[in-house]
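# Quick one: sequence and predicted model below, then my questions.
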Amino acid sequence: MNVKELIRTINHTLKSHNLFPENSRILVACSGGPDSMALLYLLQDIATHRHTTYKIGVAIVDHCIRPESKEEVLWLQHQVEELGLPFYSATFDVPRLSKEHKKSEETIGRQVRYQWLNEIAQSEGYDYISVAHHKDDQAESILAHIIRGSGLNGLTGMSVVQSEYAIPVVRPLLDVTKEDLLAYIGTKHISYCVDSTNEDVRYQRNRIRHRIIPELEAVNPAVVDAIVRLGSSVNEDVMVISDLTSRTFDKLVSIGDDEVRISRRALRQEPLAIQRRLWQRLVSTIDSDLTLTSAHQEQLLDIVNTGEKKTFTIKSIKVIAQCDTIKVYCKH
């Protein structure tokens, strides 16, 4: 894919989601690596292609995992100042936070990074946060979910627009490959940093990238495209099932001041795929942070299929089934 094709492909991705209109203010999450440096320059090319201008800022987080990370922040600051763009940086001791919260460095790093990016974007008046995930990252993400035993939602992969925070997170590069980006920065003579931890196969994502994907490519050289197509196809199906779940929820669920109610008999008539999603939506009505595990789901389905009196507790939620009525409420 040459530079013009690359720009057209990214522009099509953005247009299909009505993103980055004229004079948008975009905060680019940049590590200094090849992907995010390519994104930074590509957004300026997109603005030229669209005959508009964007207000672009650049933000980097030092996760304190590698000794050279401080120097990389200073290097990126110099690059950004040469371009005349606003620069923002923050430092988080991710190894320490990982031990304190008993979560992986990958998980903690992602949490603190996105929270900080959102805070900066809000305080500085940016319309979007842009990140450099590309097609290869998408395939790796879907594979990671498969390995964990994900349901359909995990197979959809990353979305072009994520609205989990107040400021939308946008992934303009999901339709282009790492190879495309490396070719672009080579053509444009763009310098970048190399993160040594990207080669460390102790991290699950790196193990998938360096060991599993190459093995799969030996079977099907186009496996990355195949996995991404799977994600896109599943996403279409999930949208239909989600719509059916919403309609069923509105039809069957009664919402009170401090509880929700549903009929055992009515719930039993619904397909299992709808029942599972209804349960998640039911508990989310009471506690938006609660995600049901597969074990929880099996116990809840058992409540539906028996006529006996049952009581079930999941963290902050209590479920009581008596006769035909199931009540879900918050424990006090």
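Arrived safely.
# Just the buried residues of stretch 37-50, please?
Buried residues in stretch 37-50, defined by neighbour count with 16 or more other Cβ atoms under 10 Å: 37-40, 42-43, 45-47, 50. (C-beta placed from N, C-alpha, C; glycine too.)
# Please, where are all the helices along the stretch 151-300 of the chain?
For the stretch 151-300 of the chain, applying DSSP state H, counting those that start in this stretch gives helices covering 152-155, 178-188, 204-207, 213-219, 223-252, 264-268, 272-286, 294-305.
# can you give me the mean pLDDT across the fifth one?
Model confidence over helix 223-252 averages 95 on the pLDDT scale.
# one step back: could you dump the buried residues of stretch 37-50 into CSV and include pLDDT and distance to residue 96?
Putting the buried residues of stretch 37-50 into CSV (pLDDT from 0 to 100; distance: Cβ to Cβ, whole Å) gives the following:
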residue, pLDDT, distance to residue 96
37, 97, 29
38, 97, 32
39, 97, 29
40, 97, 30
42, 97, 35
43, 97, 34
45, 95, 39
46, 95, 39
47, 95, 40
50, 94, 44
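# Which of the residues you listed fall in helices?
When these are checked against helices using DSSP state H, the ones located there are 37-40, 42-43, 45-47.
# Just give me the closest of these to residue 71.
Using Cβ to Cβ, residue 37 is the member of these that sits closest to residue 71, with 15.8 Å.
# Chain neighbours aside, what residue packs nearest to the closest one?
With Cβ to Cβ, 6 or more residues apart in numbering as the measure, residue 192 is the residue that lies nearest to residue 37, at 4.4 Å, once sequence neighbours are left out.
# next one: residue 64
Take residue 64 and drop its neighbours on the chain: the residue closest to it by Cβ to Cβ, 6+ apart is residue 93, 4.8 Å away.
# what about that neighbour, how many neighbours?
If you count neighbours by other Cβ atoms under 10 Å, residue 93 ends up with 15.
# gap between it and residue 28?
24 Å (Cβ to Cβ, to the nearest Å).
# mind listing what the residue of the chain most remote from its centre touches?
No residue in the chain has its C-alpha farther from the mean C-alpha position than residue 323, which lies at 41.1 Å (Cα atoms, centre = their mean). Counting by Cβ atoms under 8 Å, 6 or more residues apart in numbering, residue 323 touches 307, 309.
# quick one: it from residue 312, how far?
From residue 323 to residue 312 the distance is 16 Å (Cβ to Cβ).
# Could you do residue 34 as well?
Here the distance between residue 34 and residue 312 works out to 50 Å (Cβ to Cβ).
# Then residue 75?
Distance check for residue 75 against residue 312: by Cβ to Cβ, it reads 55 Å.
# go on, residue 238?
In this view, residue 238 and residue 312 are 27 Å apart by Cβ to Cβ.
# And stretch 197-216, what's buried?
204-205, 207-209, 212-213, 216.
# now, among these, which is nearest to residue 178?
Each of those was checked against residue 178 using Cβ to Cβ; the closest is residue 209, at 9.4 Å.
# Excluding chain neighbours, give the residue nearest to the closest one in space.
The spatial neighbour of residue 209 that comes closest, neighbours along the chain excluded (Cβ to Cβ, 6+ apart), is residue 140 at 5.7 Å.
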